[in-house]
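Colleague: have a look; sequence and predicted model below, questions after that.
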Amino acid sequence: MPHVFIARQPIYDRQLDVHAYELLFRANDSDHAEFTDGEQATSRLLVNALMEIGLPQLVGRHPAFVNLTERFIIEGLPNAMAPEQVVLEVLEDVLPGPELLATLQRLKQDGYTIALDDFEYDDSKRPLVELANLIKLDVLSLSPHQLRRHVSTLKAFGVPLLAEKVETQEDFHTCKALGFDYFQGYFFCKPDLVKGEHTPSCRTLILRLLARIQDPEIEFNELADLIAQDVSFAYRILRYINSAQFGTARKIESIQSAATMIGLQRIKTWLTILAMSQIDDKPYELLLTSLIRARMCETLGKDTGQPASSAFTTGLFSALDALTDQPLETVLASLPLAEEINRALLAHEGALGRLLALVLAYESGDWDGVEAAMIEGIAPQKAYLEAVEWANQMSKALLCE
């Protein structure tokens, strides 16, 4: 059975809450030409994601956007594709023939959400627009004038609009001002440098806390004092270690007992995550993304002989610029990190840098980049899926109130 690379990309509403995830995918058992065959890619995605991996592990309670070709729509959907679980994306090269329109109408009546992908309007596509529940516009393929014209035309139909390939904070603010309802792209992993010109005092304090936690010379008594400064830190750490996941024979009631049981390094890791979570004007998905990167780097690092803590830290801190709205060079200058971690974060240099480059390529669905960065003997798709599951469990246990 061939492997399939599968990742997810969040889709946000106007409040930057996750509305859904689009599944990004590619089979890795053939040449590039075969990868781009829409029929094959769609069928393999559905077989692997819905039957073998399972949608809940990939997207949780959120719906999954899935690309569908014309033939796949007409020939029928697998029973596993429940209407509440998926959004059916009609690809841009699909023409609105009678058979397709009739099939989409039946699907819509059955409760499925119909989205038009990479859409560019002309009058011949009006029947599709009238059927659609959502229309996606590629902001990179349209000029500013074309984008405004499309928004104006399509808004008249009363259909929600999604801006895809939104890559910068400036793009996001522009699309939001134009009236888009949903946003997709990696803008949330980029810093808003204009916003960051005046760093709030709370972020300065958080960076100072991170610096102390990362100090290799820190002793347990000082770490315990840092935890004691915020009662919620101690509460969440103790709640997590007393959860069923650890199966402790007796209740752990102090941070010192916790450190004795699981080790100082893991306490430092948890405290780092808690400190990062205190930046409250960023989408929750950004911290979740950092956790997924950290765990994936750690898992793949073990397979390639990298120190687990260094690989984890590299992944975890890869979005610090977006969290703090400052250039990464500026943020890292205030943290006492090992030089190999700095080089990995700033220039993707060294073994940790190559590992991070692979993880970032996988996350974004850059499958050519994944293959270029592949390391013999590793399984990135398995590591990614495990990291998603771990990050969800960690965030629920450690971060949720």
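Modeller: Alright, I've got the coordinates.
Colleague: can we go C-alpha only for contacts and neighbour counts from here?
Modeller: Will do.
Colleague: just the buried positions in the helix or strand residue 294 falls within, please.
Modeller: Here residue 294 sits within helix 284-303, counting by DSSP states H and E. Going by neighbour count (16 or more other CA atoms under 10 Å), the buried part of helix 284-303 is 285-301.
Colleague: same thing with stretch 269-278?
Modeller: Buried residues in stretch 269-278, counting neighbours by 16+ other CA under 10 Å, are found at 269-277.
Colleague: out of the residues you listed, which are inside helices?
Modeller: Secondary structure of the buried residues of stretch 269-278 is defined by DSSP state H; positions in helices are 269-277.
Colleague: what's the closest of the residues you listed to residue 87?
Modeller: Taking CA to CA as the measure, residue 87 sits nearest to residue 277 out of these, at 30.6 Å.
Colleague: leaving out sequence neighbours, find the closest residue to that closest one.
Modeller: residue 287 (6.9 Å; CA to CA, 6 or more residues apart in numbering).
Colleague: could I get the pLDDT score of the one you found?
Modeller: Model confidence at residue 287, expressed as pLDDT, equals 94.
Colleague: repeat for residue 4
Modeller: 70.
Colleague: hmm, it is touching residue 381, no?
Modeller: Yes: if you go by CA atoms under 8 Å, residue 4 and residue 381 touch, sitting 7.4 Å apart.
Colleague: among the two, which residue is more densely surrounded?
Modeller: Applying other CA atoms under 10 Å to residue 4 and residue 381 shows that residue 4 carries more neighbours, namely 19 against 16.
Colleague: thinking again about what came up before, now, which of the buried residues of stretch 269-278 sits nearest residue 11?
Modeller: Minimum separation from residue 11 among these (CA to CA) is found for residue 277, which lies at 20.8 Å.
Colleague: and the closest one, how close does it get to residue 202?
Modeller: Taking CA to CA, to the nearest Å as the criterion, residue 277 is separated from residue 202 by 12 Å.
Colleague: so who does residue 170 touch?
Modeller: If you count contacts by CA atoms under 8 Å, 6 or more residues apart in numbering, residue 170 has them with residue 192.
Colleague: and the strands in this protein?
Modeller: Chain-ordered strands for the chain, with DSSP state E as the definition, fall at 4-12, 18-27, 64-68, 86-90, 113-116, 134-138, 161-164, 182-184.
Colleague: now these as CSV including distance to residue 261?
Modeller: Supplementary listing: these in CSV, determined by distance: least, CA to CA, whole Å:
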stretch, distance to residue 261
strand 4-12, 35
strand 18-27, 36
strand 64-68, 40
strand 86-90, 43
strand 113-116, 49
strand 134-138, 50
strand 161-164, 46
strand 182-184, 42
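Colleague: could you look over those strands and pick the most buried one?
Modeller: When the strands of the chain are scored by mean count of other CA atoms under 10 Å, the highest mean neighbour count falls to strand 182-184 (a mean of 26).
Colleague: quick revisit: include pLDDT and distance to residue 234 when you put the buried residues of stretch 269-278 into CSV, please.
Modeller: Written out in CSV, the entries for the buried residues of stretch 269-278 read as follows (pLDDT from 0 to 100; distance: CA to CA, whole Å):
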residue, pLDDT, distance to residue 234
269, 91, 13
270, 90, 10
271, 90, 9
272, 92, 13
273, 92, 13
274, 90, 10
275, 89, 12
276, 91, 15
277, 90, 14
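Colleague: tell me which two in these are the farthest apart.
Modeller: When CA to CA is used, the two most widely separated members of the buried residues of stretch 269-278 are 269 and 277, lying 12.5 Å apart.
Colleague: for the spatially closest residue to residue 236 that is not a sequence neighbour, what are its contacts?
Modeller: The shortest distance from residue 236 to any non-neighbouring residue, by CA to CA, 6+ apart, is to residue 398 (5.6 Å). For residue 398, the residues meeting the contact criterion (CA under 8 Å, 6+ apart) are 236-237, 239-240, 270, 274.
Colleague: again with residue 129
Modeller: By CA under 8 Å, 6+ apart, the contact list for residue 129 reads 116, 135, 157, 159.
Colleague: so what's the second one bridging to?
Modeller: Per DSSP bridges, residues listed as beta-bridge partners of residue 135: residue 116, residue 161.
Colleague: give me the beta-bridge partners of residue 86?
Modeller: According to DSSP bridges, beta-bridge pairing links residue 86 with residue 64.
Colleague: isn't it up against residue 113?
Modeller: Yes: with contacts counted by CA under 8 Å, residue 86 reaches residue 113, the gap being 7.4 Å.
Colleague: so who does residue 156 touch?
Modeller: The contact partners of residue 156, taken as CA under 8 Å, 6+ apart, number zero.
Colleague: cool, residue 74 as well?
Modeller: Applying CA under 8 Å, 6+ apart, one finds that residue 74 lies in contact with 99-100, 103.
Colleague: find me the pLDDT at it, would you?
Modeller: Taken from the predicted model, the pLDDT recorded for residue 74 is 83.
Colleague: quick check: it vs residue 372, distance?
Modeller: Applying CA to CA, the value for residue 74 to residue 372 is 36 Å.
Colleague: residue 352 now?
Modeller: As for residue 352, its distance to residue 372 is 16 Å (criterion: CA to CA).
Colleague: and if you look at residue 115?
Modeller: Counting by CA to CA, the gap from residue 115 to residue 372 is 32 Å.
Colleague: go on, residue 287?
Modeller: Counting by CA to CA, the gap from residue 287 to residue 372 is 27 Å.
Colleague: and what of residue 274?
Modeller: In this structure, residue 274 and residue 372 are 34 Å apart, going by CA to CA.
Colleague: pretty sure residue 181 contacts residue 14?
Modeller: Yes: between residue 181 and residue 14 a contact is recorded at 6.0 Å, counting by CA under 8 Å.
Colleague: neighbour count for those two, which is higher?
Modeller: More neighbours surround residue 181 than the other of residue 181 and residue 14, with 17 against 14 (other CA under 10 Å).
Colleague: can you get me a residue count around residue 353?
Modeller: Counted with other CA under 10 Å, residues neighbouring residue 353 total 22.
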